[in-house]
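In: how does the following fold in three dimensions:
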Amino acid sequence: MGPQALLHFFPSLYIAGLLSANNSHSQQAAEENRQALILFAVVALFVICHVPRNFLSLHEALTFETKKQDYFHNCGGMPLWILLIGLVSHLLLTFNSGFNFFLYCAMSDPFRTELKRLFGEWAQLLTRIVSCKTRKTDANKNSSPTKSESLVPDPAVEATSLQLRHIGTRV
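Out: Just a heads-up that it's a prediction; the model follows:
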């Protein structure tokens with residue numbers, strides 16, 4: 001391989017490196033855009049869920065003097081629309097964090113992958129627990145005493161039974 005071949009080979013390596021770097025850069029940019037979209041969705045959901053509460057707080061601040069005068073003169077009450085918006089507001093505030101879980105499930109492949117992995121581990125653990133308990137139950141059924149064995153009294157059970165009867169008579 002002569003010097004001319006090296007001159008032709010190195011620029012092609014340089015261009016190949018640029019193309020792979022450009023490809024990884026576009027993948028990184030796509031990932032950053034996806035993460036930005038998730039963040040925007042979380043913030044938008046937060047704002048939507050908190051708007052009714054902020055509106056009610058603003059209304060309360062602006063009408064405080066009127067409400068105070070109504071209270072001192074024993075007249076007026078809470079309008080129905082304030083009560084309804086208050087209920088909706090509390091409902092939205094309560095569900096806001098729960099909505100985020102479903103948002104991440106819908107928009108994030110790594111989150112879904114990790115969630116599936118965790119559920120798989122939990123399923124395996126539950127399967128082991130259930131199969132272990134089933135084996136113990138089957139072993140207990142197979143080792144149940146025969147009729148003649150069950151008629152033989154157990155001294156520890158009889159002593160405990162006598163103690164309990166003795167305590168019951170003292171009361």
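In: just for the protein, where's the confidence low?
Out: Residue ranges of the chain with pLDDT under 70: 1-24, 136-171.
In: try it again at 50.
Out: By pLDDT under 50, the low-scoring segments of the chain are 1-8, 13-14, 18-19, 148-152, 157, 164, 166, 168-171.
In: in it, which spans are helices?
Out: Listed in chain order, the helices of the chain (DSSP state H) span 3-62, 64-72, 80-107, 109-142, 147-150, 155-170.
In: and the third one, what does it pack onto?
Out: Translated: helix 80-107. With contacts defined as 3 or more CB pairs under 8 Å, 6 or more residues apart in numbering; DSSP states H and E, helix 80-107 has these neighbours: helix 3-62, helix 109-142. Just so you know, the C-beta spots here come from the backbone N, C-alpha and C atoms, and that holds for glycine as well.
In: and the last one with helix 80-107, angle?
Out: Spelled out, that is helix 109-142. Orientation of helix 109-142 against helix 80-107 (axes from the mean of the first three to the mean of the last three CA atoms, to 10 degrees) gives an angle of 90 degrees.
In: pull out the buried residues from helix 109-142.
Out: Residues of helix 109-142 classed as buried: none (neighbour count, 16 or more other CB atoms under 10 Å).
In: over to stretch 96-104?
Out: 99, 103-104.
In: residues contacting that stretch, please?
Out: Around stretch 96-104, the neighbours that count as contacts under CB atoms under 8 Å, 6 or more residues apart in numbering are 38, 41-42, 45-46, 49-50, 111.
In: quick one, what contacts Val42?
Out: If a contact means CB under 8 Å, 6+ apart, then Val42 has 100, 103 as its contacts.
In: cutoff 10 Å now
Out: Residues counted as contacts of Val42 (CB atoms under 10 Å, 6 or more residues apart in numbering) are 96, 99-100, 103-104, 107.
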